[in-house]
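Visitor: With the input below, show me the fold.
(2 chains)
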Number of protein chains: 2
Amino acid sequence: MEDALGNLAELARLVRASDFDLVVAVSPENVRYLGDVFISTQVDIRDRLALIVWDGERDPVFILCQVEEGFARQESWISDIRTYKEFVTSPIDLLAGVIGELGAGGGHVGIELDYLPASGFARLERLLPNARFAAAEPVFSRARMLKTPRERDLLADAFRGTERALLETFQAARPGDTERDMCFRLSDLILRYGAESVAFSHINAGPNTGFPHMDPSDYRLRAGDILKADAGGRYRRYFSNVGRTAKLGPLDDEDRSWWSRLREIHHSLVDMVRPGVSGREIFERASVLHREHDIPFPYAHNGHGIGLIVHESPLISPHDPTVLEAGMMVTVETRVRWVGKCGYHMEDLIEVTEAGPVVRSDCFDNEKILVVDD
Amino acid sequence: MEDALGNLAELARLVRASDFDLVVAVSPENVRYLGDVFISTQVDIRDRLALIVWDGERDPVFILCQVEEGFARQESWISDIRTYKEFVTSPIDLLAGVIGELGAGGGHVGIELDYLPASGFARLERLLPNARFAAAEPVFSRARMLKTPRERDLLADAFRGTERALLETFQAARPGDTERDMCFRLSDLILRYGAESVAFSHINAGPNTGFPHMDPSDYRLRAGDILKADAGGRYRRYFSNVGRTAKLGPLDDEDRSWWSRLREIHHSLVDMVRPGVSGREIFERASVLHREHDIPFPYAHNGHGIGLIVHESPLISPHDPTVLEAGMMVTVETRVRWVGKCGYHMEDLIEVTEAGPVVRSDCFDNEKILVVDD
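Guide: Model prediction:
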């Protein structure tokens, strides 16, 4: 447990301080966090559930498909591993047994109700009719918000790797290339610069930059096209999520005008990423600034915590009251899009420190739109 | 709808023939199938639900986060798109409204209970107290089993691309390379040969081949190591899943003995992939053959349907009674593993035709273990 990447001592404290007798991790991110091991089939073969039960005090219990046991025994700090045989024994039946064994069969159980499928929950409720269940997400989410120094460095390296990949991909772009060509190059480079896999590689040109997340197409780049990317990789299963913009050819006045206004907004918002400020306040300021600069702002958020999932608390959104604390990390994203026409995007990683915001995505300077000469 | 990759006419027929008044697609695979569009944030940002409601007769209704609307309007054949604003309006509230509007508010609704989170289902049940809900999975699964000719060619090309990537990756392996080096090369090549993204790239050497799905490590290859891979990419969101084995140096008698027995089993099982045979029968035969050849067989399946998810019906497993029909495609995988020591693996794509099995993964001949000279 001491060697785990995440803050498991804090998680233990939160579990003990909660109303729950114990909590159950169900999602790939919380199983990864608590078990300090990634069971890849949890994602690839969704029905093959992996679960961890913990009261924050005694040894956790890991419930796993038999086929994953050897790997988990080698990698995880958890030694109490109970396995089920796929299609033969049910992980939910095992879970009900473990909850009972730990004395919570009639108790208060925190479980991830936003991940556990409805069918599995129905079975669990039938097996433990006296237990009371509620969402465990707030407990996990709170622990995961407070990044350890190793998690912060890992995230910074992840963003930098993706930035370098984007910079080189844009610089290599030429008229006649397809979006797919750019995407292959970008994916290659994301891997080369340290990711174990590519999470998303939205890279578009010309009219397609008007969409937020279009898959790359056979569209062929033309001189004068805006190039726009929103890309990320997985680094020991932590995500990067970088937004950058370039132009295939010289900037015109319109590019300069939009970009300088977006940059001004971006700097103002990044500067607010300090302890004591909430994501809600930053969002509200973003709304005002966009209005002042006459830029549409139809978004539900303009930045987010990041870690074992792409969007995690604290969100920069009117709907997340979390107040920032030193040790948190959030992205700030500033963008404008006109569907079918054009879009500009920037997204950076900011660390909250007592001394103020520190931009940790610092490899691909986006102060001006990158100009790619053809 | 006519241009969709999947068999939507068959799906419509199945929905009409079912007990349901309508069905709701919730998972990325069924939304992809029915909408003929992939909403990538469904996977990347899991809470951002996308849903499609269909009675198999009238126009389907697509419920989507606002930010994805423009893309879906361009790509999907579905024109009735209703959007929600993230964190502000709930997709479940929209869904309840649409079900009511289609006259099924007090009716029988098929919905994916193995995907819909427990919290969302609880809300839906509160909003529609008179509706009866049951699992829609069997309807979607049945349609998706019967591949269209375009889906079959797409899958065959997908497997071949991954095979070529594996062949070249093995051939380039040298003593001193790390597993990570092999993984980067493999991922690069999977993209180069047609995938839009790498789904999984388990490639291991020496003692690590004893695990089924270990992430590549810093282990350095040594002369005489077995190299083993289980890898797949996404091709228009359809998966490949290829298993191959090589050796860094000449084979010894033990390699030859294990491999020839595994091949004999593999050929016998592939030959059973014909209309009228069930996955259960193939599995039972596999169990007998492994016993006869004195090879451990602790598995829950030894092959599976494949398409928009990696493991889909028909499974080659004692727990799937599905009888094979022409037009289905399954993998057959034959393997042996000793944890911490060694493992061999082969996995191929077989098309079920009236004329018998057709092996569609035919680019990397694995009749003998590939020998890589150092």
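Visitor: How about the contacts made by A:Glu101?
Guide: By CB atoms under 8 Å, 6 or more residues apart in numbering or on different chains, A:Glu101 lies in contact with nothing. Bear in mind the C-beta positions are built from the backbone N, C-alpha and C, glycine included.
Visitor: And the pLDDT at it?
Guide: On the pLDDT scale, A:Glu101 is placed at 97.
Visitor: again with A:Phe71
Guide: pLDDT, read off for A:Phe71, is 89.
Visitor: ok, now A:Pro117?
Guide: 96.
Visitor: Next, the contact list for the spatially closest residue to it that is not a sequence neighbour, please.
Guide: Closest residue to A:Pro117 apart from its sequence neighbours, by CB to CB, 6 or more residues apart in numbering or on different chains: B:Asp114 at 4.9 Å. By CB under 8 Å, 6+ apart, B:Asp114 lies in contact with A:Asp47, A:Pro117, A:Ala118, A:Ser119, A:Gly120, B:Ser27, B:Ala135, B:Glu137.
Visitor: again with A:Tyr238
Guide: Per CB under 8 Å, 6+ apart, neighbours of A:Tyr238: A:Glu151, A:Leu154, A:Leu155, A:Ala158, A:Ile306, A:Gly307, A:Leu308.
Visitor: ok, now how distant is it from chain B?
Guide: 14 Å (CB to the nearest CB, to the nearest Å).
Visitor: same check, this time on A:Leu370
Guide: From A:Leu370 to chain B the distance is 23 Å (CB to the nearest CB).
Visitor: neighbours around that residue, how many?
Guide: For A:Leu370, the count of nearby residues is 18 (other CB atoms under 10 Å in any protein chain shown).
Visitor: Specify the beta-bridge partners of it.
Guide: For A:Leu370, the beta-bridge partners under DSSP bridges are A:Ala246.
Visitor: pLDDT at it, what is it?
Guide: pLDDT, read off for A:Leu370, is 97.
Visitor: list the buried ones in stretch A:66-85?
Guide: A:67-68, A:70-72, A:75-78, A:81-84 (16 or more other CB atoms under 10 Å in any protein chain shown).
Visitor: Of those residues, which ones also sit close to chain B?
Guide: A:Val67, A:Glu68, A:Gly70, A:Phe71 (CB under 8 Å from any CB of the partner chain).
Visitor: Just give me the longest helix of chain A.
Guide: The longest helix of chain A (DSSP state H) is helix A:149-172.
Visitor: Could you check how far A:Ala355 is from chain B?
Guide: Counting by CB to the nearest CB, the gap from A:Ala355 to chain B is 31 Å.
Visitor: pLDDT at that residue, what is it?
Guide: 97.
Visitor: Ok, the one 5 residues further on next?
Guide: In the predicted model, A:Arg360 carries a pLDDT score of 98.
Visitor: Which residue, other than its chain neighbours, is closest to it?
Guide: Counting by CB to CB, 6+ apart, the residue nearest A:Arg360 is A:Ala156, at 3.9 Å.
Visitor: so what's that neighbour up against?
Guide: A:Leu349, A:Glu351, A:Arg360, A:Ser361.
Visitor: hmm, 10 Å instead?
Guide: Counting by CB atoms under 10 Å, 6 or more residues apart in numbering or on different chains, A:Ala156 makes contact with A:Ser240, A:Met329, A:Leu349, A:Glu351, A:Val358, A:Val359, A:Arg360, A:Ser361, A:Asp362, A:Cys363.
Visitor: cool, A:Tyr219 as well?
Guide: A:Asp177, A:Thr178, A:Glu179, A:Arg180, A:Asn204, A:Ala205, A:Gly206, A:Pro207, A:Asn208, A:Asp225.
Visitor: A:Ala231 contacts A:Arg185, doesn't it?
Guide: No. Counting by CB atoms under 10 Å, A:Ala231 does not reach A:Arg185; the two are 11.4 Å apart.
Visitor: Neighbour count: those two, which is higher?
Guide: A:Ala231 (26 against 20).
Visitor: Neighbour-wise, which one of the contacts of A:Tyr238 leads?
Guide: Most crowded among the contacts of A:Tyr238, counting by other CB under 10 Å, is A:Ala158 at 29 neighbours.
Visitor: Against chain B, how distant is that residue?
Guide: Shown here: A:Ala158 relative to chain B, a distance of 15 Å by CB to the nearest CB.
Visitor: hmm, back to that, among the buried residues of stretch A:66-85, which one sits closest to A:Gly100?
Guide: Closest approach to A:Gly100 among the buried residues of stretch A:66-85 (CB to CB): A:Arg82, at 12.9 Å.
Visitor: Which SSE is immediately downstream of the one helix or strand A:His267 maps to?
Guide: Assigned by DSSP states H and E, A:His267 belongs to helix A:253-271. Downstream of helix A:253-271, the next assigned helix or strand under DSSP H and E is helix A:279-292.
Visitor: other SSEs contacting that next one?
Guide: helix A:253-271, strand A:303-305, strand A:312-315, strand A:329-338 (3 or more CB pairs under 10 Å, 6 or more residues apart in numbering or on different chains; DSSP states H and E).
Visitor: So which of the ones you listed is nearest A:Met214?
Guide: Taking the helices and strands packed on helix A:279-292 one by one with CB to CB, strand A:329-338 is closest: 10.8 Å.
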